[in-house]
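Asker: Mind looking at a prediction? Sequence and model below.
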Amino acid sequence: MSLRLKLILALVALASTATIAIGVSSYASTGDRLTAEVDRSLAEAAGLVERLGRSPRFDPGRGGDFFQRPRSFDQILLQVVDGDGAVLASPIGLQFPVTDSASQLAAAEQAGSAGPVTAAVEGERYRILTLSLGGGRGAVQIGRSLAEADRLLDSLRDRTVATVALVMTAAAGLGWLISRQITRRLETLTAVAEQVSATGRLDHQVPVSGTDEAGRLGSAFNRMLSALAHSRQEQRRLVEDAGHELRTPLTSLRTNISLLRRHDQLPAEMRTKVLEDLDSESGELTTLVGELIELATEGRTDEVTEPVELGSLVERVAAVVGRRSGRELVVEANASVGAGRPQALERAISNLLDNAVKFSQPDSAIEVRVRGGRVEVCDRGPGIAEEDLAHLFDRFYRAVGARSQPGSGLGLAIVRQVVESHGGQVFAENRPGGGACVGFELPGMRLATPEAVRFQPNSYLGRIDS
């Protein structure tokens, strides 16, 4: 069953159910009201008969014309029953049924009444109230026809049925219009999705109209296609850049391997140098491949986001880098807490510190500052040329002064990827007095007690109030 048909049937069912419920309720309440009006008129007539029955001159057997009026909707009909249950007088051409309870009331010594009850007389419904005259003098049955009420109820029923049919027809037409408006956009979205699946092209766009759920779905689908197209473009660019960057170390490896094939013709010193080059180049190639995988898979996207104390994280990474490099690192940090992926942030901070170790003067300290969500790594190196500042975090970009240094040119690109995945941004600037400050800012970090830590190679000198 199609979505359009489901919507039409649902709307028809809802409208018809509501109309039928209203019709049944109206029918029942109208019938109760009409019956109540008939019963009220019977009670008034019973009061009149009861007053007449108290007269000593009243003879039930001589009812005469008073009990034999013509039948009509607005007329009360009377029938007299003696103490034995025999009918003494009844309306013209009509006789009410004398039930056992009516016979008992006719023979009763005490005056009273029973009913009213509904009975069928010659195919017509009547409401009948039985009134005992007391003293065994018999009873009077007071009746009124329900024919007019039945005709009114039949007319109401017929109008309700016609209304239900009309409402169902209107609901079906309205449901078709609404479902057509909704499913038309869904059909367009489905057609675009099928084109994308068949052709693999991501440059399709869904026509979007309105701000309802279908319109928002179309907008979300367009954003998804744009994101996928951008991701595919980035992957293609990464593959092209990686192929370009891999050519140089692979060419060097092949050259050195060719030299080693003539190892018996090479001096020992030359062989040693070739082996050292092979070891260095294979290490750099391994690092490059690892960083390429990091970028291609968008880092540790499966890592769970959890509360992170940024200052403690920086302290821990700085301690590792300080021991590994033998350099002095000074950390001034607030206890900044926020949501993040700890391992990804550790990788970004480690890349920043390694970059500073690579370019700073050997006898200078590397300063790391953490304030809120801002992490700043400052060195006393040669600084960054103005034309390089805008491209420092690009993949495979290496400034002219850095091309003689080891590295793949992907470390800071990984930093930017991690930071942007946290909704933050990176920055790089030259430092007054020489050197550079490179870092990032993360949103949503709140400050706690300020504190600072100072590190030297393989030593921890304690905390210093900032």
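Answerer: Received, thanks.

Asker: In terms of residue numbering, what are the domains of the protein?
Answerer: The chain breaks down by automatic domain parsing into domains covering 3-153, 213-296, 306-464.

Asker: the longest helix in the chain is where?
Answerer: Taking DSSP state H as the assignment, the helix of the chain that covers the most residues is helix 147-199.

Asker: Now that one: average pLDDT?
Answerer: The average pLDDT for helix 147-199 rounds to 85.

Asker: what packs against it?
Answerer: Applying 3 or more CB pairs under 8 Å, 6 or more residues apart in numbering; DSSP states H and E, we find helix 147-199 packed against helix 3-53, strand 124-132, helix 213-261. For glycine as for every other residue, the C-beta is placed from the backbone atoms N, C-alpha and C.

Asker: quick one, phi/psi of Phe427?
Answerer: For Phe427, the backbone dihedrals (degrees, to the nearest 10) come out as phi -150, psi 160.

Asker: and it, bridged to which residues?
Answerer: Assessed by DSSP bridges, Phe427 has beta-bridge partners Gly439.

Asker: what residues are up against it?
Answerer: 438-441 (CB atoms under 8 Å, 6 or more residues apart in numbering).

Asker: 10 Å instead, please
Answerer: 374, 376, 389, 392-393, 419, 437-441 (CB atoms under 10 Å, 6 or more residues apart in numbering).

Asker: want to try JSON lines for those residues, with pLDDT, secondary structure and neighbour count as columns?
Answerer: Output for these, formatted as JSON lines (pLDDT from 0 to 100; DSSP: H, G, I helix; E, B strand; the rest coil; neighbours: other CB atoms under 10 Å):
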{"residue": "Arg374", "pLDDT": "90", "secondary structure": "strand", "neighbour count": "17"}
{"residue": "Glu376", "pLDDT": "92", "secondary structure": "strand", "neighbour count": "19"}
{"residue": "Leu389", "pLDDT": "82", "secondary structure": "helix", "neighbour count": "17"}
{"residue": "Leu392", "pLDDT": "83", "secondary structure": "coil", "neighbour count": "22"}
{"residue": "Phe393", "pLDDT": "83", "secondary structure": "coil", "neighbour count": "22"}
{"residue": "Val419", "pLDDT": "90", "secondary structure": "helix", "neighbour count": "22"}
{"residue": "Cys437", "pLDDT": "93", "secondary structure": "strand", "neighbour count": "19"}
{"residue": "Val438", "pLDDT": "92", "secondary structure": "strand", "neighbour count": "25"}
{"residue": "Gly439", "pLDDT": "93", "secondary structure": "strand", "neighbour count": "21"}
{"residue": "Phe440", "pLDDT": "94", "secondary structure": "strand", "neighbour count": "25"}
{"residue": "Glu441", "pLDDT": "91", "secondary structure": "strand", "neighbour count": "18"}
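
Asker: just those now: which is nearest Val368?
Answerer: Closest approach to Val368 among these (CB to CB): Glu376, at 7.1 Å.

Asker: ok, that closest one touching Cys437?
Answerer: Yes - shown here, Glu376 and Cys437 form a contact pair, counting by CB atoms under 10 Å, at 5.4 Å.

Asker: Which neighbours do the two have in common?
Answerer: Jointly contacting Glu376 and Cys437 under the rule CB under 10 Å, 6+ apart are 367, 369, 427, 429, 431.

Asker: In ChimeraX, how would I select just the buried ones from the residues you listed?
Answerer: Per 16 or more other CB atoms under 10 Å, the buried members of the shared contacts of Glu376 and Cys437 correspond to this ChimeraX selection:
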select :367,369,431
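
Asker: Model confidence score at Gly53, please.
Answerer: 64.

Asker: Let me fix that, I meant to ask about Ala242.
Answerer: Reported pLDDT for Ala242: 63.

Asker: and if you look at the one 10 residues further on?
Answerer: The pLDDT attached to Ser252 in the predicted structure is 73.

Asker: Check the gap between it and Leu285 for me.
Answerer: Distance of Ser252 to Leu285, given as CB to CB, to the nearest Å: 9 Å.

Asker: try Val121
Answerer: For Val121 relative to Leu285 (CB to CB), the value is 110 Å.

Asker: Lys6 now?
Answerer: 59 Å.

Asker: what about the domains of the chain, which gets the closest to Ile182?
Answerer: domain 213-296 (5.8 Å).
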